[in-house]
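Undergrad: With the sequence up front, the predicted model follows.
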Protein chains: 2
Amino acid sequence: MDVKNLFANISTANRGEEFLPLFENANVKIERIVSHAQASPAGLWYDQEEDEWVAIICGTATLEFVSGEQVELKAGDYLTIARHVQHRVARTSEETIWLAVHLK
Amino acid sequence: MDVKNLFANISTANRGEEFLPLFENANVKIERIVSHAQASPAGLWYDQEEDEWVAIICGTATLEFVSGEQVELKAGDYLTIARHVQHRVARTSEETIWLAVHLK
């Protein structure tokens, strides 16, 4: 069995975001995202074609929605961001690990 | 936004396994499984119709495969169990939280 770890191989030098695909088939992509004190560029709103289920594995983050709603997230928090719900990352802690399941 | 937490609402009285669906559509079911010092019944092998991606959120566990292979898992470890790969839970710690993505 091929066992890997969510906390392995995280760049410490990096700023911004690192994306690592963990599993993918025709319907689903599971991805680790590591954010390093990251924020989406001002005025950039993600507007995705797919529903996304996301959980915070460690660290904290603030998600901002185009409605104005801000959501504070900590380890263990999870939510579903429905397709075309525009959102951005307002801030993250120095090392925030997300688990994202993209529902194609 | 409806935010919930992977560490919330865990039974302390329980033994065995607790299953909580977190998200489901036609292709995917995401589930939290909490094991309390659990082992599959001796001789019981899970033989699933679907691939399963699984990660340990906290705690430890030992998975056993029909091949005889035993895999020790700790927090952050993840693996894909292909359909029809027979396996069982040999043991878990007092509180082990799994995140399972069932790929229908």
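TA: The structure has been received and is ready for your questions. Residues are numbered from 1 along each chain as shown, chains lettered A, B, ... in the order given.
Undergrad: In the helix or strand of chain A at the bottom of the mean pLDDT ranking, which residues are buried?
TA: Sorted by mean pLDDT, DSSP states H and E, the helices and strands of chain A end with strand A:16-24, the least confident at a mean of 92. For strand A:16-24, a neighbour-count test (16 or more other CB atoms under 10 Å in any protein chain shown) marks A:18, A:22-23 as buried. (Each C-beta comes from the backbone N, C-alpha and C, glycine too.)
Undergrad: what about the helix or strand following that strand, near chain B?
TA: Next helix or strand after strand A:16-24 toward the C-terminus (DSSP states H and E): strand A:28-36. Yes: Strand A:28-36 is in contact with chain B by CB under 8 Å from any CB of the partner chain, via A:28, A:30.
Undergrad: picking that back up, next one: the least confident helix or strand of chain A to chain centre, how far?
TA: Its chain's average C-alpha position is 9 Å from that of strand A:16-24, according to CA atoms, centre = their mean, to the nearest Å.
Undergrad: Could you list the low-pLDDT ranges of chain A?
TA: A:13-14 (pLDDT under 70).
Undergrad: Close to chain B: what parts of it are there?
TA: Looking at chain B, the residues of chain A close enough under CB under 8 Å from any CB are A:1-8, A:22-23, A:25, A:27-28, A:30, A:51, A:53, A:55, A:57, A:63, A:65, A:69, A:71, A:73-81, A:99, A:101, A:103-104.
Undergrad: still on that earlier bit, what are the contacting residues of the least confident helix or strand of chain A?
TA: For strand A:16-24, contacts defined as CB atoms under 8 Å, 6 or more residues apart in numbering or on different chains pick out A:4, A:9-11, A:29-36, A:38, B:53, B:78, B:80, B:101.
Undergrad: just stretch A:90-101 next, same as before
TA: A:6-7, A:10, A:28-40, A:52-64, A:70, B:23, B:28, B:30, B:55, B:99, B:101.
Undergrad: Which ChimeraX command selects the buried ones in those?
TA: Only the buried entries of these go into this ChimeraX selection, using 16+ other CB under 10 Å:
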select /A:6,7,28,29,30,31,32,33,34,35,36,38,39,40,52,53,54,55,56,57,58,59,61,63,64 /B:23,28,30,55,99,101
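Undergrad: mind checking how far stretch A:15-27 is from the chain centre?
TA: On CA atoms, centre = their mean, the centre of stretch A:15-27 falls 10 Å from the chain's centre.
Undergrad: Could you double-check that residue A:53 lies in contact with residue B:30?
TA: Yes: using CB atoms under 8 Å, residue A:53 is in contact with residue B:30, at 5.9 Å.
Undergrad: residue ranges of the strands in chain A, please?
TA: A:4-5, A:16-24, A:28-36, A:51-58, A:61-65, A:70-73, A:77-81, A:87-92, A:96-103 (DSSP state E).
Undergrad: Can you get me a residue count around the residue lying closest to residue A:69 once chain neighbours are set aside?
TA: Leaving aside its sequence neighbours, residue A:69 sits nearest to residue B:1 (CB to CB, 6 or more residues apart in numbering or on different chains; 6.3 Å). By the criterion of other CB atoms under 10 Å in any protein chain shown, residue B:1 has 15 neighbours.
Undergrad: Pretty sure residue B:1 sits against residue A:78.
TA: No: using CB under 8 Å, residue B:1 makes no contact with residue A:78, being 10.9 Å away.
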